[in-house]
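[1] Pasting a predicted model and its sequence here:
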Amino acid sequence: MGQVREYLDLIKNFSGFASPGSVIGAHMLLIARKVLDFEVDEEIYVTCETTNCLPDAFQAICKSTIGNGRLNILDTGKMAVIINRKGMPGETVQALRIILDPEKTVNYPIIHEWYMNTRKVSAEEVNPELIRAGENLYSWYFVDVIVPEKEKKIIEICNLCNEPFIKRNELDLCPA
């Protein structure tokens, strides 16, 4: 539990508050560190499957950010992550997918009510329960991830607004 509390301090310093999603992210990171055997200062890559506070933990603790390319968000609306080590472009690397498992949260009524949104549960009420439950709330399994090739940025001037933008399709117009 000491490591989680240390992580929560980092999260509080980063975002001002440890939300339930960030507490869950801290536990997910601990699970991944144990299963994949990496140190917190190693370059790891994270895909969060929600925008709801889960990404904060990875930004605060292991410095995986959208800006440095080590954090992606694929918003499926699930409290889940995929975590992997760095690999060479085109290489297949082993990753770990971790999910907050409702079949396990059902054993923790306050957490389950918060997770399933069946009752309004405050962070002050659910966070201590999340910390106490620890890794007992999660399921995980290995997945293969293909390390993407780094794309060269192509900068164009928009034909409508005359502002530069990163071209991501065949149009010569910015998305705005």
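    Right, received. Where do you want to start?
[2] which regions of this protein lie under the pLDDT threshold?
    Scanning the chain for pLDDT under 70 picks out 1, 171, 176.
[3] Longest helix in it, please.
    The longest helix of the chain (DSSP state H) is helix 20-36.
[4] Who's the closest spatial neighbour of residue 115, skipping the chain neighbours?
    Distance criterion C-beta to C-beta, 6 or more residues apart in numbering; nearest residue to residue 115, sequence neighbours excluded, is residue 105 at 5.1 Å. In short, each C-beta sits where N, CA and C put it, glycine included.
[5] Next, the one you found: phi, psi?
    phi -70, psi -20 (degrees, to the nearest 10).
[6] can you tell me how far it sits from residue 29?
    19 Å (C-beta to C-beta, to the nearest Å).
[7] residue contacts, the residue nearest to residue 115?
    Residue 105 sits next to 111, 112, 115, 116, 137 when contact means C-beta atoms under 8 Å, 6 or more residues apart in numbering.
[8] In the longest helix of the chain, which residues are buried?
    Judged by neighbour count (16 or more other C-beta atoms under 10 Å), helix 20-36 contains these buried residues: 20-33, 36.
[9] Following element in sequence after that helix, please.
    Using DSSP states H and E, the helix or strand that follows helix 20-36 towards the C-terminus is strand 44-48.
[10] That following strand pairs with which strands?
    According to DSSP bridges, strand 44-48 forms sheet pairs with strand 71-73 (parallel), strand 80-85 (antiparallel).
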